[in-house]
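Chemist: For reference, the sequence and a predicted model appear below.
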Amino acid sequence: MSTEIFNAIAPRYDKTNYILSFGMDMGWRRKLLHYLPSVENLHVLDLATGTGDVAIALARDHRVAKVVGVDLAEGMLKRGHEKVARASLLSKIKLSVADALALDFPDKVFDVVTVAFGLRNFSDLMKGLMESYRVIKPGGRLIVLEFSSPRMFPYKYIHGFYLNVLLPLIGMVLTGNRAAYQCLSSTARAFPSGDRFVRIIAQVGFQNVERHELAVGAATIYVGYKL
């Protein structure tokens, strides 16, 4: 989706996500923490940080010393700043406007890069993954949470109907912006999930790539290691 669309839906983005995911989206985001390295003083970059939910969850983890969250949508970041301030985490989280395809960071500076429900919106998936690889330290990791499609009957067909028909309709009712949620549906369908995405991550250079399905496959966490 374009930056303009994200700015337009920013005021109702969090509430709409909660309703559309039946309250599961926050739990999915927190599951990213399970795949952090089991060491202290982690410096984490959260791409497509949006309104900062993942950044806040990361900053509350005792292993994390600093979180940098970047996004192109200033409207989303504005709400993120408000949430970070309310959470009293301004000392641990820095949110800023930045392009995930051209990160203004030196090589090998972050222990972990995370991205939740944002990679599918990158205009160049491989370039975004290559930038992530560049800024991760050796021994670090990439953790991605993204939509996927259940493979089991009948979940596959229920999920398809929800994604293609109900999601744009509910999104329009909640935000008045049907186009945004039609686009979300389209990008979710087009994303190369499952084994295809595992192979793509490996092509970039990440090793020992794992995938962990959530909600019978409606979402998946991918973990790639930079050795």
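Modeler: Cool, got the structure.
Chemist: helices and strands around the longest strand along the chain, which ones?
Modeler: In the chain, taking DSSP state E as the definition, the longest strand is strand 136-147. Under the contact criterion of 3 or more Cβ pairs under 8 Å, 6 or more residues apart in numbering; DSSP states H and E, strand 136-147 touches helix 25-31, strand 110-116, helix 125-135, helix 195-204, strand 219-225. No exception for glycine: its C-beta is placed from N, CA and C like everyone else's.
Chemist: Which parts of this structure are strands?
Modeler: Per DSSP E, the chain carries strands over the ranges 42-47, 64-71, 93-97, 110-116, 136-147, 207-214, 219-225.
Chemist: Could you dump those into CSV and include mean neighbour count, distance to Arg86 and mean pLDDT?
Modeler: Converted to CSV, these look like this (neighbours: other Cβ atoms under 10 Å; distance: least, Cβ to Cβ, whole Å; pLDDT from 0 to 100):
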stretch, mean neighbour count, distance to Arg86, mean pLDDT
strand 42-47, 25, 18, 98
strand 64-71, 22, 15, 98
strand 93-97, 17, 12, 98
strand 110-116, 25, 20, 98
strand 136-147, 21, 23, 97
strand 207-214, 14, 27, 97
strand 219-225, 22, 27, 97
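Chemist: With distance to Leu169 added, can I get those strands in JSON lines?
Modeler: Output for the strands of the chain, formatted as JSON lines (distance: least, Cβ to Cβ, whole Å):
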{"stretch": "strand 42-47", "distance to Leu169": "29"}
{"stretch": "strand 64-71", "distance to Leu169": "27"}
{"stretch": "strand 93-97", "distance to Leu169": "32"}
{"stretch": "strand 110-116", "distance to Leu169": "24"}
{"stretch": "strand 136-147", "distance to Leu169": "18"}
{"stretch": "strand 207-214", "distance to Leu169": "24"}
{"stretch": "strand 219-225", "distance to Leu169": "21"}
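Chemist: of all those strands, which lies closest to Asp14?
Modeler: In terms of Cβ to Cβ, the element of the strands of the chain nearest to Asp14 is strand 110-116, at 13.1 Å.
Chemist: in the sheet, who's paired with the residue lying closest to Ala100 once chain neighbours are set aside?
Modeler: Spatial nearest neighbour of Ala100, excluding adjacent residues (Cβ to Cβ, 6 or more residues apart in numbering): Leu47 at 4.6 Å. Beta-bridge pairing of Leu47 under DSSP bridges involves Val70, Val115.
Chemist: need the contact list for Leu47.
Modeler: Applying Cβ atoms under 8 Å, 6 or more residues apart in numbering to Leu47 gives the contacts 70-71, 100, 113-115, 118-119, 128, 132.
Chemist: Phe122 versus that one, what's the distance?
Modeler: 9 Å (Cβ to Cβ, to the nearest Å).
Chemist: Which neighbours do the two have in common?
Modeler: Shared contacts of Leu47 and Phe122 (Cβ under 8 Å, 6+ apart): 100, 128.
Chemist: Including distance to Arg12, could the contacts of Leu47 go into CSV?
Modeler: CSV is the format used below for the contacts of Leu47 (distance: Cβ to Cβ, whole Å):
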residue, distance to Arg12
Val70, 22
Asp71, 17
Ala100, 24
Val113, 28
Thr114, 24
Val115, 22
Gly118, 18
Leu119, 23
Gly128, 26
Ser132, 29
